[in-house]
Every structure is written in structure tokens, then in C-alpha cells.
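>>> All I have is the shape, not the residue letters:
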């Protein structure tokens with residue numbers, strides 16, 4: 001019973017120390033990002049300050065802070081665990097823990113649980129926490145550069161679209177109303193395997209509804225025989241149910257920039273390209289990389305824990321050096337993994353999680369080598 005109480009006290013002590021170091025590190029690294037950004041953009045910000053409000057200048061950095069968190073919180077988790085355990089090791093507190101028969105991983109359970117739950121929350125709400133503020137930053141940046149353009153707001157109506165669909169379909173759309181998901185003055189050309197004309201469906205309106213799908217109004221259908229446009233059968237319909245693989249997302253204007261897309265958005269683009277025959281492997285790799293990104297803070301603990309017990313000197317310096325080393329290694333693993341996934345050398349899920357798998361492997365090897 002005394003051993004359990006002693007273990008619980010150690011857990012609270014270590015978790016409290018970790019949390020303080022973690023929050024302090026997040027604040028410090030965020031401040032460094034702001035300082036570096038201001039030093040690089042100060043001259044330009046002074047130029048635009050006379051034509052914008054002070055609030056916009058604060059929002060210029062405020063919208064960026066959540067996205068910067070994707071970089072700062074894994075580094076902060078590594079720094080905090082290395083600093084706290086390194087300090088305990090330097091003060092012989094870890095020796096007391098080992099002598100008491102308390103496994104180190106046992107007193108680290110609250111830390112592991114906290115970082116895992118935080119990572120899961122960041123994955124589930126990545127769009128709301130990281131990418132929506134970053135989209136607002138991009139819109140604000142564009143507005144400051146050229147107030148007449150609203151590039152990232154997205155038009156309500158798109159005009160004169162040509163969209164390649166699944167199963168050799170080509171859409172010719174005069175207007176697409178994004179708000180209501182309505183195609184106006186649309187021609188859908190169906191091609192056979194030999195790329196000859198097979199069918200042409202022309203409709204005044206094609207409306208999307210859940211769960212019915214697409215319903216067309218004012219339809220003229222033309223069936224071609226043997227690809228001969230002179231040999232066709234024509235029929236007219238007031239309304240017609242269309243069995244189309246495409247969803248409204250296929251006709252919306254999307255911004256295929258990784259820094260503006262959450263994991264769920266990358267998945268939608270991957271599925272879109274898979275249907276129409278585009279480069280879907282690259283987007284599936286990006287999707288899995290985005291699902292792995294929040295958990296790098298959890299994985300990186302397995303890398304930091306054994307190294308934090310390696311030396312009893314200069315824990316502050318060691319912590320910063322390990323942060324730099326981890327940043328360099330993760331960048332290499334991540335870039336190599338994504339490249340292999342896009343080339344088809346690795347399954348897309350493995351390519352996206354390559355950095356996390358690499359860090360986990362290094363952490364396990366270090367634990368065995370250092371006998372943590």
C-alpha cells in the first residue's frame with residue numbers, strides 16, 4: 001500500500017513538472033515564431049499599416065499561432081520530457097525511483113495519457129483548430145496585398161466548367177451554384193471504351209439532394225449507336241434521376257495547398273482523384289501524413305525518455321540539442337516517406353506514417369540499448 005501511495009505521488013510530481021515545462025515551451029517556441037516572422041516582414045507590415053486597422057495587424061499573427069502549434073507542440077513535448085527527466089536524473093531523483101522499485105514508465109502514464117488525448121483532439125478537430133485560422137490568415141494576407149482580390153473566400157457561382165468524371169464522363173457546365181449544389185445548363189457526355197460518343201444528357205438544372213443524389217430537370221437525352229453522331233435516338237424528360245458517381249465536392253473550387261487542408265479535406269481530394277483517375281496516391285499519402293502529424297508528439301516521447309536519462313549534466317543544453325536533432329530527423333523521415341508513397345514504392349498509409357514509425361523504432365532501440 002505504501003508503494004502505491006509513493007508511486008501516485010511520483011506520478012503527480014512528474015506530470016505537474018512536465019505540464020509546466022510543456023506549456024512554457026509552447027509559449028517560448030510560439031514567441032520565437034512571432035519574433036522571426038516580424039523580423040522578416042516588419043518593413044512590409046509598416047507599409048500596409050496605414051491602410052489597415054490595428055486589429056488586422058494583431059489578427060495577422062493571431063491567425064498564424066494555431067497553425068504554428070503543429071510545429072511547436074511536438075517539440076515542446078520532447079523538450080519538456082527531456083528537461084524534466086534530465087533534471088531528475090541530475091539530482092539523483094531517478095536513482096531513488098529505481099531503488100524504490102517503481103518502473104519509470106509507470107510514473108509516466110499520466111504524461112503519456114495527456115499527450116495521447118491531446119494528439120487525438122488535434123486530429124479530430126484539426127480543421128477547426130489549425131486550418132480554418134490558417135485559411136483566414138491567407139485571406140487576410142491576400143486582402144492586405146490586394147484588397148480587390150478575395151482569393152481564398154471562394155466564389156458562390158462557378159462559370160463555364162469542364163470536369164472529367166468517372167467511367168469516361170465529361171461534364172460541360174455553364175454555371176455551378178456552390179451554395180445550393182445546383183448545376184445549370186449542363187451537358188454530360190458519356191464515352192465508350194473506344195472513346196466514341198455513347199450518350200449525351202443535357203439538362204437545364206441538375207440538383208443534389210441527400211440521400212437521393214442528383215435529379216435533373218428539363219432533360220434531353222441522346223443515345224448514339226456505334227459512336228455515330230448522325231445515328232442517334234432522342235428522348236425528352238421533365239425530370240430524371242441521374243446515377244452519377246460524382247458529388248458536389250467534385251464541382252466545387254478547392255485549394256489544393258497542403259497548409260490549407262485538414263486531414264478530412266485531403267481524404268476527400270484523394271477519393272475525388274481516385275474516381276476520376278488522377279494522382280490519388282499522392283493525396284492518400286498526404287492524408288495519412290496529416291493523420292500521423294498530431295501523434296508525433298506522443299511518438300516522440302519514446303525517443304526522448306531514454307535520452308533524458310543518458311546524461312546528468314547540462315540538461316537545458318541537452319534538451320535544446322535533442323529538439324534540434326529530432327526536428328532534423330523527423331524532417332528527413334517525413335520527406336523520404338512521402339516521396340516513396342507518391343512514387344508507389346510504399347503503401348500510402350506506411351508512407352504517411354513513415355516519420356512516426358521511424359521515431360518509434362529509434363525510441364524502442366534506445367530503450368533496449370540504455371535499458372530504460
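Structure's in. What do you need? As the structure is a prediction and not an experimental result, all values here were calculated from the model. Numbers count the residues shown, from 1 in each chain.
>>> Would you pull up how far stretch 40-55 lies from the middle of the chain?
Relative to the centre of its chain, stretch 40-55 is centred 30 Å away, using C-alpha atoms, centre = their mean, to the nearest Å.
>>> Also stretch 348-363?
16 Å.
>>> Other residues contacting it?
Identification of contacts with stretch 348-363 by C-beta atoms under 8 Å, 6 or more residues apart in numbering yields 281, 284-292, 295-296, 299-306, 326, 329-330, 333-334, 336-338, 340-342, 346. The way it works is simple: take the backbone N, C-alpha and C, and place the C-beta from them, glycine included.
>>> Got a PyMOL select line for the buried ones in those residues?
In PyMOL, this line selects whichever of the contacts of stretch 348-363 come out buried by 16 or more other C-beta atoms under 10 Å:
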select buried, resi 281+284+285+286+287+288+289+290+291+292+295+296+299+300+301+302+303+304+305+306+326+329+330+333+334+337+338+340+341+342+346
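>>> Which of the contacts of stretch 348-363 fall in helices?
281, 284-292, 296, 299-306, 326, 329-330, 333-334, 336-338, 340-342 (DSSP state H).
>>> Need the single longest helix in this protein, by residues.
Max-length helix for the chain by DSSP H is helix 2-48.
>>> If I look at the closest residue to residue 76 other than its chain neighbours, what pLDDT would I see?
Excluding the flanking residues, the one nearest residue 76 by C-beta to C-beta, 6 or more residues apart in numbering is residue 25, at 3.6 Å. Here, the pLDDT recorded for residue 25 equals 91.
>>> Is residue 156 in contact with residue 180, as I believe?
No - under the criterion of C-beta atoms under 8 Å, residue 156 makes no contact with residue 180, lying 9.3 Å away.
>>> domains for this structure, by residue range?
2-148+291-370, 157-248 (automatic domain parsing).
>>> Need these in CSV (columns: distance to residue 271).
Formatted as CSV, these follow (distance: least, C-beta to C-beta, whole Å):
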stretch, distance to residue 271
domain 2-148+291-370, 12
domain 157-248, 9
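>>> Name the stretch among those that sits most buried.
Of all the domains of the chain, domain 2-148+291-370 carries the top mean neighbour count, a mean of 17, counting by mean count of other C-beta atoms under 10 Å.
>>> circling back to that earlier point, how about the residue nearest to residue 76, what does it touch?
Residue 25 touches 72, 75, 76, 79, 80, counting by C-beta under 8 Å, 6+ apart.
>>> Try it again at 6 Å.
76, 79, 80 (C-beta atoms under 6 Å, 6 or more residues apart in numbering).
>>> Quick check: which ranges of the chain have low pLDDT?
Where the chain drops to pLDDT under 70, the residues are 1-8, 146-155, 227, 253-256, 276-278, 308-320, 322-323, 369-372.
>>> can you map out the strands along the stretch 51-200 of the chain?
Counting by DSSP state E, counting those that start in this stretch, the stretch 51-200 of the chain has strands at residues 157-165, 169-177, 182-191, 197-209.
>>> And the ones you listed: which comes nearest residue 266?
Closest to residue 266 of the strands of the stretch 51-200 of the chain, according to C-beta to C-beta: strand 157-165, at 19.8 Å.
>>> Run the angle between that closest one and strand 169-177 for me.
Relative orientation of strand 157-165 versus strand 169-177 (axes from the mean of the first three to the mean of the last three C-alpha atoms, to 10 degrees): 160 degrees.
>>> Just want the angle from strand 157-165 to strand 182-191.
Going by the same axes, to 10 degrees, strand 157-165 makes 20 degrees with strand 182-191.
>>> what pairs with strand 157-165, and is each one parallel or antiparallel?
strand 169-177 (antiparallel) (DSSP bridges).
>>> contacting residues around the strand it pairs with?
Strand 169-177 has contacts (C-beta under 6 Å, 6+ apart) with 157-159, 161-165, 183-190, 251.
>>> now do stretch 35-51
So stretch 35-51 is contacted by residue 144 (C-beta under 6 Å, 6+ apart).
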